[in-house]
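Enquirer: no sequence on this one, just coordinates:
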């Protein structure tokens, strides 16, 4: 009985889907390979090396240039996830038990892919360990916050800004684990996970309805995916690009990993302002760097 309640809990449901999607082939983006591929046409070898060893911001790469690259990655991932969603809608109602769970998993998987790409462009550290297919608590927490931003959750915006601000104060090589698993940030992660669990249930229902009619369902499913995924990816890009962490002019001091103990101070979150970057997008060949 207890197990059944856990399955029905929105928070547990979200984390179950998140962890399952993280294990899918091709979902994890290798930070070094992606940055090298994404920056190759725009930056010198020295800039690329420093972006990989430190961050794109530390390498002096402008947010305007990163925006152009990010937009290309968003277009690529949106086209890919929409095509896969449309293909999953072709069999119609007889195949619903098989296609809907797979469709949801690949949708979340592509949310993970674009989250990683945008994070690495805007100077966040490597999110996944090279060892095994597990996801540690800090990574699970920051991905939850990224998803919250994508869904338009204001508390997620504030929490991401708080974590990024801590990292920008020091030259952090890893995520601030204590900040993401203790203090005031962690309760926000749990609350946002519960909210996203409810959202995913609603989205799953809409996806199921769209697949009920063969062929027509394929078009509706692909269109629905395009209409939801694209603005969510853009929302995350805008927020990450506007944080001090992504700004080359932001001064940092050399230090070890951020301790994160400052989150024990129960100060209220202050929303971090984001800037709208309207630079025209140059055509860049899409990349598909997999782990």
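Expert: Right, received. Where do you want to start? All values derive from a computational prediction rather than experimental measurement.
Enquirer: all contacts plus neighbour counts: C-alpha atoms, from now on.
Expert: Will do.
Enquirer: mind listing the helices for the stretch 51-200 of the chain?
Expert: 63-89, 96-121, 137-150, 154-169, 177-181, 185-210 (DSSP state H, counting those that start in this stretch).
Enquirer: For residue 30, see how far away the residue lying closest to residue 164 once chain neighbours are set aside is.
Expert: With sequence-adjacent residues excluded and distances taken as Cα to Cα, 6 or more residues apart in numbering, residue 164 is closest to residue 245, at 6.1 Å. Residue 245 sits 20 Å away from residue 30, going by Cα to Cα, to the nearest Å.
Enquirer: the more surrounded of the two?
Expert: residue 245 (28 against 20; other Cα atoms under 10 Å).
Enquirer: what ranges of the stretch 51-200 of the chain fall below the confidence cut-off?
Expert: Low-confidence segments of the stretch 51-200 of the chain, defined by pLDDT under 70: 82-103, 130-132, 170-172.
Enquirer: 90 instead, please
Expert: Across the stretch 51-200 of the chain, the ranges flagged by pLDDT under 90 are 78-110, 129-134, 165-179, 181-184, 196-200.
Enquirer: isn't residue 127 right next to residue 116, touching?
Expert: Yes. Under the criterion of Cα atoms under 8 Å, residue 127 makes contact with residue 116 at 7.3 Å.
Enquirer: follow-up on the earlier one: right, so the helices of the stretch 51-200 of the chain: which one is the most enclosed?
Expert: helix 137-150 (a mean of 23; mean count of other Cα atoms under 10 Å).
Enquirer: Pull the contacting residues for residue 10.
Expert: Contact partners of residue 10, counting by Cα atoms under 8 Å, 6 or more residues apart in numbering, are 193-198.
Enquirer: Could you measure from the residue nearest to residue 164 over to residue 139?
Expert: Computed as Cα to Cα, the residue 245 to residue 139 distance reads 18 Å.
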